[in-house]
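Chemist: A predicted structure for the sequence below; I have some questions about it.
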There are 2 protein chains.
Amino acid sequence: MNDSAFALNPRLEADTLAVGDLALCRVLLMNDARFPWIILVPRRAGARELTDLSPEDQATLLAEIGAASRAMQRLIHPHKLNTAAIGNVVAQLHIHIVARFEDDAAWPAPVWGHGAREPYDEDESSGFVGLLQRELGYL
Amino acid sequence: MNDSAFALNPRLEADTLAVGDLALCRVLLMNDARFPWIILVPRRAGARELTDLSPEDQATLLAEIGAASRAMQRLIHPHKLNTAAIGNVVAQLHIHIVARFEDDAAWPAPVWGHGAREPYDEDESSGFVGLLQRELGYL
């Protein structure tokens, strides 16, 4: 299902850690220790809006949002998930799945644009990426 | 497909204008003239997360997000759509579909928590609700 013309937006690449590829989406972990925050990027060149995806891709995306959401729920037990396709800054279609807690750094505000990113320690991020890989069935 | 125990959250009701019901979702127009902003509320009592919906309901929701998105695209030609299930303040599952422009009041920040709502004039809102009803196939 890969799209050979797909290339990850450089800003998304710079701000995240790679988790792996699902059937449709590249899975990224936002490199921000304040919030457990997955980003799914459908590997479809030129897609900006959900409506740019074919119905088949939309159904796959929905399944992958579900898989990523359940992985976060099993690993982290968030009070609430925030799921969003915004793309005002980076237009390449990408879906945020953020695990939120009532005592996190931004609650109850959304995380987008909230303060400065706090990168993970390397040990911390590799541990979290490994857990996500296991939950998503790579390992 | 109605859920007889479903009741719209009072805050959502207070902040919006009714557009109508699709197969799964109640369709609302956020009463904020700054941003063309639809809210879809699946009529399922107790649903907080996308993952609380059955696979069938998730597929219907995806179709209704697509219908509402295309209605906004046809009517308004936004630069970008922002689509999100957040629910930090109102936990009842609801999906925002916001038409964004590079010269709107919040661009490129998200609209949530941005300044104060500016209610529509009655003529303006009834005109917009009528257009949405027509695009969504009620009229």
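Modeler: Perfect, thanks for sending it.
Chemist: which non-adjacent residue is nearest the residue nearest the centre of chain A?
Modeler: In chain A, the C-alpha closest to the average C-alpha coordinate belongs to A:I39, at a distance of 1.3 Å (C-alpha atoms, centre = their mean). On the basis of C-beta to C-beta, 6 or more residues apart in numbering or on different chains, the spatially nearest residue to A:I39 that is not a chain neighbour turns out to be A:L28, at 4.3 Å. Where C-beta positions appear, they are placed from N, C-alpha and C, glycine not excepted.
Chemist: List the contacts of the one you found.
Modeler: A:L12, A:T16, A:L17, A:A18, A:V19, A:I38, A:I39, A:L40, A:V41 (C-beta atoms under 8 Å, 6 or more residues apart in numbering or on different chains).
Chemist: What score does A:S4 have for pLDDT?
Modeler: Reading off the per-residue confidence, A:S4 sits at a pLDDT of 87.
Chemist: ugh, typo on my part, it should be A:M30
Modeler: pLDDT, the model's per-residue confidence, is 98 for A:M30.
Chemist: so what's it up against?
Modeler: Going by C-beta under 8 Å, 6+ apart, A:M30 touches A:D15, A:T16, A:W37, A:I38, A:I39, A:H96, A:V98, A:R117.
Chemist: do the same with A:H96
Modeler: When contacts are counted by C-beta under 8 Å, 6+ apart, A:H96 touches A:M30, A:W37, A:I38, A:I39, A:N82, A:T83, A:A84, A:A85, A:I86, A:V111, A:W112.
Chemist: Run a quick neighbour tally on the closest residue to the first one other than its chain neighbours.
Modeler: Distances taken as C-beta to C-beta, 6+ apart put A:W37 closest to A:M30, at 3.7 Å, once the chain neighbours are dropped. Counted with other C-beta atoms under 10 Å in any protein chain shown, the burial measure for A:W37 works out to 22 neighbours.
Chemist: A:W37 pairs with what?
Modeler: Beta-bridge partners for A:W37, by DSSP bridges, are A:V98.
Chemist: hang on, isn't it packed against A:L29?
Modeler: Yes: between A:W37 and A:L29 there is a contact under C-beta atoms under 8 Å: 7.1 Å.
Chemist: Chain B contacts on chain A?
Modeler: Contact residues of chain A with respect to chain B, defined by C-beta under 8 Å from any C-beta of the partner chain, are listed as A:48-51, A:58-59, A:62, A:65-66, A:69-70, A:73, A:80-89, A:91, A:100, A:107-110, A:112-113.
Chemist: ok, and what's touching stretch A:54-68?
Modeler: By C-beta under 8 Å, 6+ apart, the list of residues contacting stretch A:54-68 from outside reads A:1, A:22-25, A:27, A:38, A:40, A:42, A:44, A:50, A:53, A:83, A:95, A:97, A:136, B:50-51, B:58-59, B:62, B:66.
Chemist: Just the closest of the contacts of A:M30 to B:A5, please.
Modeler: Looking at these and their distance to B:A5, the nearest is A:V98, at 29.1 Å (C-beta to C-beta).
Chemist: Next, the angle helix B:55-76 makes with whichever strand or helix holds A:I65.
Modeler: Element membership of A:I65, judged by DSSP states H and E, is helix A:55-76. Angle of helix A:55-76 versus helix B:55-76, following axes from the mean of the first three to the mean of the last three C-alpha atoms, to 10 degrees, is 120 degrees.
Chemist: partners of the helix or strand just after helix A:55-76, with directions?
Modeler: Proceeding C-terminally, helix A:55-76 gives way to strand A:80-85 as the next helix or strand, assigned by DSSP H and E. Based on DSSP bridges, the pairing partners of strand A:80-85 within the sheet are strand A:95-100 (antiparallel), strand B:80-85 (antiparallel).
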